[in-house]
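K.L.:
Kindly generate the corresponding structure for this input.
(one chain, ligands or ions: 1)
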Amino acid sequence: MDLYLDTLLNLPNVTVEICSQVEDCIYLQLKFLNSGISCPACSNYTDGLRQARPILIRDLPAFGKRVYLKIPHRQFYCSKCQRYRMERLEFVDWKQHHTYRYQEYIYQKIKAFIVQQIVQEEQLSFEEVKSIFDHLSKEKKKGTVN
Ligand SMILES: [Zn+2]
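P.N.:
Predicted coordinates for the structure are as follows:
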């Protein structure tokens, strides 16, 4: 629909079909640019679309408003598996109804919020708390501390 809007949205294989606004929410109805997919189980290409149920997915906020994407959750028939397969998208967590980038945004907010709380409780600087956290998370990943 709108090339600028698609560029701003920056998600693969989709275009914004309808953009609407209701109070503090922006709704973007998306349309796929690809008519088929690789079967998530066997990688066989299929365009045997069986159904597409629109799902509301929360995405990153824009212009101080909440953003929801209306994305068709498509189901295809794979002739190789002889089964119906739900489409997987690299940017959507269908179960949680969020984009992965929205989840990352919330995760970063939680981290900043907790650090801020510890700054107040422990009378430390923001940098000190963050450096303790970053240092220990690195060590814990390496398995050198419990
Ligand atoms: Zn298959």
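K.L.:
could you measure the residue lying closest to Gly64 once chain neighbours are set aside against Arg101, distance?
P.N.:
Distances taken as Cβ to Cβ, 6 or more residues apart in numbering place Asp24 nearest to Gly64, at 8.0 Å, with adjacent residues excluded. Every residue, glycine included, has its C-beta placed from N, CA and C. From Asp24 across to Arg101, the span is 20 Å (Cβ to Cβ, to the nearest Å).
K.L.:
At which residues are the helices of the protein located?
P.N.:
Listed in chain order, the helices of the chain (DSSP state H) span residues 3-9, 100-122, 126-142.
K.L.:
So for the shortest one, mean pLDDT?
P.N.:
Averaged across helix 3-9, the pLDDT comes to 91.
K.L.:
Give me the helices and strands touching that helix, please.
P.N.:
In this structure, helix 3-9 packs against strand 14-22, with contacts taken as 3 or more Cβ pairs under 8 Å, 6 or more residues apart in numbering; DSSP states H and E.
K.L.:
OK, contacts around the residue nearest to Leu69 when sequence neighbours are not counted?
P.N.:
Of all residues not flanking Leu69 in the chain, Ile57 sits nearest, at 4.5 Å (Cβ to Cβ, 6+ apart). Listed by Cβ atoms under 8 Å, 6 or more residues apart in numbering, the contact partners of Ile57 are Tyr68, Leu69, Lys70, Ile71, Val92, His97, His98, Thr99.
K.L.:
thinking the fifth one is in contact with Arg101, fair?
P.N.:
No - with contacts counted by Cβ atoms under 8 Å, Val92 stays clear of Arg101, the gap being 9.9 Å.
K.L.:
If you count surrounding residues, which of those two has more?
P.N.:
Between Val92 and Arg101, Val92 has the larger neighbour count (other Cβ atoms under 10 Å), namely 22 against 14.
K.L.:
Would you quantify the distance from that one to the ion?
P.N.:
Separation of Val92 from the ion (Cβ to the ion, to the nearest Å): 20 Å.
K.L.:
got it, and Arg50?
P.N.:
Using Cβ to the ion, Arg50 is found at 13 Å from the ion.
K.L.:
Any idea what the residue nearest to that residue when sequence neighbours are not counted is bridged to?
P.N.:
In space, and not counting its chain neighbours, Arg50 is closest to Gln75: 4.7 Å by Cβ to Cβ, 6+ apart. In this structure, Gln75 bridges to Gln51, Met86 when assessed by DSSP bridges.
K.L.:
Right, I'll call it a day here.
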